[in-house]
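Chemist: Sharing a sequence plus its predicted fold:
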There are 2 protein chains.
Amino acid sequence: MTRIRHQSLDCSPGCAVEATLQLIDGKWKGVILYHLLQGTLRFNAIRKRLPNITQRMLTTQLRELERDGFVLRTVYPEVPPKVEYSLTPRGRTLEPVILALKAWGDEHTEFRHGREACADHDEILTSAAKRTK
Amino acid sequence: MTRIRHQSLDCSPGCAVEATLQLIDGKWKGVILYHLLQGTLRFNAIRKRLPNITQRMLTTQLRELERDGFVLRTVYPEVPPKVEYSLTPRGRTLEPVILALKAWGDEHTEFRHGREACADHDEILTSAAKRTK
DNA sequence: CTGTATCCCGGCCGATACTG
DNA sequence: CAGTATCGGCCGGGATACAG
């Protein structure tokens, strides 16, 4: 681990932009935050929404988000284990950023056919046996 | 080159977020776009504003931004060469996104001392001869 | 269910040198 | 001035297996 990488920011007025980007990089954080924006989710609930993420990656990203103070991790001491993830107040401050990203994506990306393909992604993935792709 | 990488998006409602992030990743694109928001800039002018970027990286990133239709590259056939970069109309549509990033960074990041250190970065860099750094 | 531990590959990205 | 070419390290992140 050690997660070093937030170093070497340039320092122009643009550094704020860069700094923000560093916090939501990692290929998955943005999407995770987006889903968390809509409410508390359990580990596997997030996985369902991120068909292509691996366990390892999800754990890693969530740990970083937690470390950065964006996400609250709540462990219920019971078996089977139950862990819930939710946004902290600080995490919620990212809402405008995430929504801006979402809005732009909705407006300007064209995977028209992807639309309906998305609909049943959880069914597809529920049984990972298929691997039709 | 070949710049493949925009594949394997997940496909949930969050895919729009992910798709957008893919376009401004690369560690530098966000900042480049930010500076370009403020007007047309020449190659070295951008470099001045990105103290830590290398020639190679700047070229690469600009090429990708151009390929994605965000940036217009104008070459003036004269010697010494002069190349200007500016945002396309499509590039300008990213303004809300970039500004959201900037706003959050200004609000929530703490490199207090960086403030004034940033102030005169252009003077420092104007004459690259100094190399005071 | 929710992780952690290993292995390891691909490619991002930096350093450096050369060109029109 | 504005690039291109080449080499290489490092680490992001995927696959897989194991654990509480």
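Modeler: Arrived safely, thanks for sending.

Chemist: going forward, measure contacts and count neighbours with C-alpha atoms only.
Modeler: Fine.

Chemist: Spatially central residue for chain A, please.
Modeler: Per Cα atoms, centre = their mean, the C-alpha nearest to the average position across chain A is that of A:Ile32, at 1.5 Å.

Chemist: did I read that right, that one in a helix?
Modeler: Yes - with DSSP: H, G, I helix; E, B strand; the rest coil as the criterion, A:Ile32 is part of a helix.

Chemist: Check what pLDDT it gets.
Modeler: As summarised for this prediction, A:Ile32 has a pLDDT of 95.

Chemist: do you know how far the residue of chain A found nearest DNA strand C is from A:Ile98?
Modeler: Nearest residue of chain A to DNA strand C (Cα to the nearest atom of the strand) works out as A:Asn44 at 3.6 Å. Separation of A:Asn44 from A:Ile98 (Cα to Cα, to the nearest Å): 22 Å.

Chemist: the more surrounded of the two?
Modeler: A:Ile98 (26 against 14; other Cα atoms under 10 Å in any protein chain shown).

Chemist: Skipping its backbone neighbours, what lies nearest that one in space?
Modeler: Nearest non-adjacent residue to A:Ile98, counting by Cα to Cα, 6 or more residues apart in numbering or on different chains: A:Tyr34, 6.3 Å away.

Chemist: My understanding was that that neighbour contacts A:Val97; is that so?
Modeler: No - under the criterion of Cα atoms under 8 Å, A:Tyr34 makes no contact with A:Val97, lying 9.8 Å away.

Chemist: State the number of residues packed around A:Ile24.
Modeler: By the measure other Cα under 10 Å, the count of residues near A:Ile24 is 22.

Chemist: Looks to me like A:Glu84 is in a helix.
Modeler: No - remark: A:Glu84 does not belong to a helix; assigned using three-state DSSP, it is strand.

Chemist: how about it, what does it touch?
Modeler: A:Thr40, A:Leu41, A:Arg42, A:Phe43, A:Arg73, A:Thr74, A:Val75 (Cα atoms under 8 Å, 6 or more residues apart in numbering or on different chains).

Chemist: again, 10 Å this time
Modeler: Residues near A:Glu84 by Cα atoms under 10 Å, 6 or more residues apart in numbering or on different chains: A:Thr40, A:Leu41, A:Arg42, A:Phe43, A:Asn44, A:Ala45, A:Ile46, A:Leu72, A:Arg73, A:Thr74, A:Val75, A:Tyr76.

Chemist: Quick one: buried ones out of those residues?
Modeler: Among those, those buried by neighbour count (16 or more other Cα atoms under 10 Å in any protein chain shown) are A:Thr40, A:Leu41, A:Arg42, A:Phe43, A:Ile46, A:Leu72, A:Arg73.

Chemist: who does the third one bridge with?
Modeler: I take that to be A:Arg42. Taking DSSP bridges as the rule, A:Arg42 bridges to A:Glu84.
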